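Participant: with the sequence up front, the predicted model follows.
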Amino acid sequence: MFPIGDDNSDRTITPFVNYAFIALNILVFLALQQLGSNEHFTYAFTLVPREITTGHDIVATIPILNNAGKTIGEIQNFPAPFGIYFNVLSSMFMHGSIMHIAGNMLFLWIFGDNLENLLGHFRYAVFYLLCGVAAALGQIIMGPDSLIPMLGASGAISGVLGGYVLLFPQRQVRAIIFNFLTTVPAFIAIGIWIVYQLVSGYLSDPAAGGVAYAAHIGGFVAGAATVHLFALGRKR
């Protein structure tokens, strides 16, 4: 299941905030991370769960282990210039590769504008950031001793998906399924996505490297749990 678009026929405002989030993510990746080659910047502003749980900025060489426990590489974790808690925010606007940011920004482009159209600019901005923080906390709770740096907008975007599926469950989403282009309701498209996250999260080790499934699930739950509060007083 790979979504490529949805129905925007009822959109009445220009989603400036959503565009700004997309632009900021791209700007950070291109100018500051330098397509991921600026490791000093990247590992200075990523979120390390153990730093948050201990309250200490950990400056060390972190080994990368395979499934057998053998060291296959290492990461140099640098000091956090603005403190470890700032990295909860900064890590939400950083990515590990071109494919990582491309996939995230596609999802944000498709689903974020409809949510902003309903919530309004300010509420949507707060909602997005809140979901990103909740996603980080989800990953920290599941792997409190992990030294693996966490980065990416996936958690916040998962919150957008959680809000979207509750507010627009029947909204038609264009998607590629098994090499066929088709249209399905949002609850099916996003439902398949969240089931995959739950299964993958159950099978993965949060303390190891790879996709932060706990963050995806945490962001989704936060979005689904709070979106109706943010939508109070807004016309459906």
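Facilitator: Arrived safely. Quantities reported herein were computed from a predicted structural model and do not represent experimental measurements.
Participant: tally of neighbours for residue 13?
Facilitator: 12 (other C-beta atoms under 10 Å). For glycine as for every other residue, the C-beta is placed from the backbone atoms N, C-alpha and C.
Participant: pLDDT value on the most centrally placed residue in the chain, please?
Facilitator: Compute the mean C-alpha point of the chain, and by C-alpha atoms, centre = their mean the closest residue is residue 154, 1.6 Å away. pLDDT for residue 154: 93.
Participant: that one contacts residue 217, correct?
Facilitator: No. Contact between residue 154 and residue 217 fails when scored by C-beta atoms under 8 Å: they sit 10.8 Å apart.
Participant: now the helices: where do they sit in the protein?
Facilitator: 16-27, 39-45, 49-54, 87-90, 98-119, 121-142, 154-167, 186-203, 213-230 (DSSP state H).
Participant: just put those helices in a markdown table and tack on distance to residue 178.
Facilitator: What follows is the helices of the chain, written out as a markdown table (distance: least, C-beta to C-beta, whole Å):
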| stretch | distance to residue 178 |
| --- | --- |
| helix 16-27 | 29 |
| helix 39-45 | 36 |
| helix 49-54 | 37 |
| helix 87-90 | 38 |
| helix 98-119 | 19 |
| helix 121-142 | 29 |
| helix 154-167 | 21 |
| helix 186-203 | 12 |
| helix 213-230 | 23 |
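Participant: lowest average confidence across the ones you listed, which one?
Facilitator: helix 186-203 (a mean of 79).
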